[in-house]
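Participant: When you get a sec, could you give me coordinates for this:
(chains A and B)
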Amino acid sequence: MKTMEIRLKVNGESKQWSIAPGDLLLDVLRREGYFGVKRGCERGECGACTVLVNDKAINSCVMFAAQAEGCEVITIEGLARGDELDPVQEAFLDHGAVQCGYCTPGMILNAKALLTRCPHPTEEQVRDLLAGNYCRCTGYRKPVEAVLAAAQAGDRRNKAKKSTRSAGATRP
Amino acid sequence: MNSERSIVGKNVRKVDGIKLVTGRPAFTDDIHIPGMLCGKILPSPHAHARIKRIDTRKAKALPGVHAVLTYKDVPRVPHTTAGQTWPEPSPYDTYLLDSKVRFVGDRVAAVAAESRAIAEEALRLIEVDYEILPAVLDMEHAMDRGAPVIHDEKDSKGIHDASRNLAAYILREIGSTEEGFRESELVIEREFRTQRQQHCPLEPHITISWLDSDNRLVIRSSTQVPYHARRQVAMILQIPVQRVHVIKPRIGGGFGGKQEMLLEDMCGALTLATRRPVKIEYTREEEFYMARSRHPQILRIKMGVKRDGTLMANEMTVLATTGAYGSHADTVQGNTGSKVLPIYRTPNMRFECHVVYTNTPVAGAFRGYGCPQGYFAQESVMDEIAHELGMDPIELRRKNMIRAGDLDQLSAELGEGKKGLPRLIRSCGLPQCLDRGAAAIDWESKRKVGPNGVRPLGERGSPLRRGVGMACSMQGSGIAGIDWASALLKMNEDGSFNLQVGASDVGTGADTVLAQIAAETLGVATDKIIVCSSDTDFTPFDVGAYASSTTIISGGAVKKAAEKVREQILSVASKMLDEPADNLTCRDNQVVTKCECRKSVTIADVALHAMYKEKLQIMDGASHFNTDSPPPFCAQFAEVEVDTETGRIRVLNLVTAVDLGLAINPMQAEGQAEGAVAQSLGYALSEEMMLDDSGRMVNPSFRDYKIFTAKDMPNITTILVETEEPLGPYGAKSIAEVPINAPAPAVANAIYHAIGVRFRKLPIRPEDVLRALREKAGLPHR
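Facilitator: Numbers count the residues shown, from 1 in each chain, chains lettered A, B, ... in the order given. From the prediction side, this is the model:
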């Protein structure tokens, strides 16, 4: 089988991989152990395979791995700093936005990309964005709340971590 | 009561949350096994055909192909794919591979190859000559004289009448509906139609199997029923149960679809044939038509009432299709009667149902389990009755609804494929659900409209019309007398505990809820509980995740096991503190005296003492079942906006008020309700598996099969109405299924309120609205 070499950065680490020209980025990332990239539809419809490529959220099931040559790729594995979770990850836990967790990496990365370019989005902006991440478990209210909360928490990133009990999710 | 508890009733973070938000390998597919082959299944291109000749030589000769299996290569064992308690109430009408195929997507052959590309190429090289048989696609003609017989094989068992394509038949009557209709002053009879809905878990079905170093078959699978899968695989592959080890990792959503054993048997067969690890995963397209779906039904419902709204008779007659195989045929449809009709006190009830085979994709268990169909019909007619009587729809429900202390006799008549047990209602928060839900949607003011309750046209000049509607439902919490579970609890020397449960968390948060129950009972923090679930070698038996059973049944087992372990802890602490055990209690990771003397010892010290001084492993286990299935109750309210020019229906608000007993984890419980609402809105307005006239699904993708996204969702409000259920751990009942039942009728009733048109077929699409509006205005069809 014909192979080619690609060089890219994944979660800050330089990689040089041998791939087939037709390999999809989704398949290559999973093959290399980035299991947080999920296979949901392989047609660019569900968003479970979302990764960040040069800070832009893309569906890795409709991108050739070869197209990632020279790119900076961030997968869900690259979001936390050691044990310190990203505010979006924290918010997803505190707001009960995770159920089965299969769509979660894609949602979190998509939200992360949004918050990078738009630190204080409206609910409508968040819903527009998450429309690209199908979820069959949550009904989306809690993920939307989590992203909005993460936007607020973003500024307080370095403050003390929240307690393990939920702060913002109880309702009357 | 609630305030005395420190763990249950609190929004504890998911115990598996961190690994999920950080993307650590947790799901079935998140492992690499050296030498693993890719398995693929050849789907039938025909709805009904006999395999005259099948030649696998070319496929086998392809480099990289390790096995090609046809019906000639595997044991012929009639079974059901329904993962139910043995003996299963579903007919044994399915074979691992057969010489006959019964729907487009049925299994013709399977291959295992070095790569997916090779496996797919091998499928193309399998030569099959089919004798194409006439197919039955329309359930209304399945029982016609002379209709092709779908299950003409001799060895299937448990089919009600194979010669008439009748998989199951149910008839139950309480009182006499004939009498009841005679006594009624208003009788309404209507027909409803519901569609095929697919579960659409974000993770399609996937199984990986291999032989371990003891030559045992290990099956790592996306299943809701690891123990049933183990039993079924052993039976189908004709190996002892002892040789099968099923592991359920994290699961990417199930919703009933993974209560079906669809890939475990085939994957295991390929592993046995190749002695290599094999993975089979459905593509999204395969998941749509090769997995399972909600049973489509045609329901006739006839209800009779007195002028004051008192229900006198309720008769439901259902025709349903189970597709090509009878998975859950009897029990889903039984539920359409037993969990729907009894929500209202009616002296005379009759439920009759024919479940027929057709050459269509197979139906199976799906969250709600027959109730969404039944409630769509019943709650729509209730709305119509209220309208005819000039009563508020809420009042009509309030007048007739079942209440605490009532005995539901229909449940006794309609068990799981046999007589069941009468259901005593010990807790019922439906009245509060109605009150609080109505307040949340602002029912009073939004229903204040023109005569007959029909909203006069909306804003002058605007094509938009708004309306509100509501509907009620109930479900069960486990299958009475059948579902059971067990738990083991073992203390470690640092005061942590291993909780081993067969219960299957499929994304529902079960592991967290069970950890909370254990922690509460032991008086320790939730993070002291290490949950190990769903591994047939390392966890004790549990029927699995279905029938809204995990919290009440598995939770009941966990509580019992924890109580036994707590006793052992107190006994050791009693010696350490020199205090009688009955003066001791566990809380905040300590054993403390109940009296004023305030002596205490940490749980960790008790553990260390027990292990190294007493030479005692503190551990115990328990089993649990209930002889009754306490229903959770739900009232749901929808506000819609209909565009009379485009037919577009927008749901603006959806309120769910649900009595779930005590909410062990309110945040998770809300999530369950909200996810159910999203699925139900799709059921109401957009989702349908469409088949062409050859039985092939024409829309097997997320682009063409529309599920609700974040942008489509209305503003949703969830109100947890807590009651104390005596049969549940800490008063809990269930939450997973009940909120999926009533959104569709609530939306249909709201549409009626908005535009004065009743829709009795799901989904309700813009074109249906336009057609109906033209008809109403006396305009010809376009």
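
Participant: Could you check how many residues crowd around residue 82?
Facilitator: All of this refers to chain A. 5 (other Cβ atoms under 10 Å in any protein chain shown). In short, each C-beta sits where N, CA and C put it, glycine included.

Participant: Chain B, not that one
Facilitator: Residues lying near residue B:82 (other Cβ under 10 Å) number 29.

Participant: tell me the contacts of it?
Facilitator: Neighbouring residues of residue B:82 by Cβ atoms under 8 Å, 6 or more residues apart in numbering or on different chains: B:88, B:90, B:259-260, B:327-328, B:364-365.

Participant: Low-confidence ranges, chain B, go.
Facilitator: The model of chain B has pLDDT under 70 over residues B:1-3, B:416-417, B:449-460, B:782.

Participant: Wait, residue B:499 touches residue B:524, no?
Facilitator: No - look at residue B:499 against residue B:524 with Cβ atoms under 8 Å: they stay out of range, at 11.2 Å.

Participant: same for the worst-scoring helix or strand of chain A on mean pLDDT, what does it pack against?
Facilitator: Lowest by mean pLDDT, DSSP states H and E among the helices and strands of chain A is helix A:141-154, with a mean of 95. When contacts are defined as 3 or more Cβ pairs under 8 Å, 6 or more residues apart in numbering or on different chains; DSSP states H and E, helix A:141-154 sits against helix A:87-94, helix A:104-117, helix A:123-130, helix B:666-685.

Participant: how about the closest residue to chain A within chain B, secondary structure?
Facilitator: Among all residues of chain B, residue B:23 sits closest to chain A, at 2.0 Å; criterion: Cβ to the nearest Cβ. At residue B:23 the chain is in coil, as set by DSSP: H, G, I helix; E, B strand; the rest coil.

Participant: Isn't it up against residue A:30?
Facilitator: No - taking contacts as Cβ under 8 Å, residue B:23 lies outside contact range of residue A:30: 11.1 Å.

Participant: So in chain B, which helix runs the longest?
Facilitator: For chain B, the longest helix by residue count, based on DSSP state H, is helix B:555-577.

Participant: who does the helix or strand following it pair up with?
Facilitator: Once the chain leaves helix B:555-577, the next helix or strand it forms, by DSSP states H and E, is strand B:584-587. In the sheet, strand B:584-587 lines up against strand B:590-593 (antiparallel) (DSSP bridges).

Participant: buried ones in the strand it pairs with?
Facilitator: B:590-593 (16 or more other Cβ atoms under 10 Å in any protein chain shown).

Participant: what residues are up against the residue nearest to residue B:738 when sequence neighbours are not counted?
Facilitator: Nearest residue to residue B:738, sequence neighbours excluded (Cβ to Cβ, 6 or more residues apart in numbering or on different chains): residue B:475, at 4.1 Å. By Cβ under 8 Å, 6+ apart, residue B:475 lies in contact with B:339, B:368, B:371, B:548, B:631-632, B:634, B:734, B:737-738, B:741.

Participant: residues in the stretch 551-700 of chain B within reach of chain A, list them.
Facilitator: Neighbours of chain A within the stretch 551-700 of chain B, by Cβ under 8 Å from any Cβ of the partner chain: B:666-668, B:670-671, B:673-679.

Participant: what about the closest residue to the residue of chain B closest to chain A other than its chain neighbours, neighbour count?
Facilitator: Excluding the flanking residues, the one nearest residue B:23 by Cβ to Cβ, 6+ apart is residue A:36, at 2.0 Å. By other Cβ under 10 Å, the residues close to residue A:36 number 30.

Participant: hang on, residue A:36 in a strand?
Facilitator: No - secondary structure of residue A:36 (three-state DSSP): coil, not part of a strand.

Participant: Contacts made by stretch B:235-249 with the rest, please.
Facilitator: Residues outside stretch B:235-249 that contact it (Cβ under 8 Å, 6+ apart) are B:26-28, B:30, B:75, B:77, B:79, B:96, B:212, B:215-224, B:226-227, B:229-231, B:233-234, B:264-265, B:268-269, B:272, B:504, B:533-537.

Participant: List buried residues within these.
Facilitator: B:26-28, B:30, B:77, B:79, B:96, B:216-224, B:226-227, B:229-231, B:233-234, B:264-265, B:268-269, B:272, B:504, B:533-536.

Participant: quick revisit: now the residue of chain B closest to chain A: how far from residue B:643?
Facilitator: 41 Å (Cβ to Cβ, to the nearest Å).

Participant: Which residue, neighbours along the chain excluded, lies closest to the spatially most central residue of chain A?
Facilitator: When Cα atoms, centre = their mean is applied to chain A, the residue found nearest the centroid is residue A:109 (2.1 Å). In space, and not counting its chain neighbours, residue A:109 is closest to residue A:50: 4.9 Å by Cβ to Cβ, 6+ apart.

Participant: swap in residue B:540?
Facilitator: Closest residue to residue B:540 in three dimensions, ignoring its sequence neighbours and counting by Cβ to Cβ, 6+ apart: residue B:486, at 4.0 Å.

Participant: Residue B:230 should be in a strand, yeah?
Facilitator: No - under three-state DSSP, residue B:230 falls outside any strand and is assigned helix.

Participant: is it true that it touches residue B:534?
Facilitator: No - with contact defined as Cβ under 8 Å, residue B:230 does not count as touching residue B:534 (10.9 Å).

Participant: follow-up on the earlier one: near chain A too, which of the buried ones among the contacts of stretch B:235-249?
Facilitator: Among those, proximity to chain A is found for B:26-27, B:30 (Cβ under 8 Å from any Cβ).

Participant: Tabulate these (TSV), appending secondary structure.
Facilitator: Shown next, in TSV, are those (three-state DSSP):
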residue	secondary structure
B:26	coil
B:27	strand
B:30	coil
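
Participant: Next up, the contacts around whichever residue of chain A sits closest to chain B.
Facilitator: Chain A approaches chain B most closely through residue A:36 (2.0 Å), counting by Cβ to the nearest Cβ. Listed by Cβ under 8 Å, 6+ apart, the contact set of residue A:36 reads A:75-77, A:105, B:22-24.

Participant: can you check residue A:147 too?
Facilitator: For residue A:147, the contacting residues are A:88, A:91, A:111, A:114-115, A:121, A:126, A:129-130, by Cβ under 8 Å, 6+ apart.

Participant: can you pick the most crowded of these?
Facilitator: Top of the contacts of residue A:147 by neighbour number is residue A:111, holding 31 neighbours under the definition other Cβ under 10 Å.

Participant: My understanding was that it contacts residue A:88; is that so?
Facilitator: Yes - the pair residue A:111 / residue A:88 is scored as a contact, 5.2 Å apart, by Cβ under 8 Å.

Participant: which residues do the two both contact?
Facilitator: A:146-147, A:150.

Participant: any chance of those residues in CSV, plus distance to residue B:721?
Facilitator: CSV is the format used below for those (distance: Cβ to Cβ, whole Å):
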residue, distance to residue B:721
A:146, 25
A:147, 29
A:150, 30
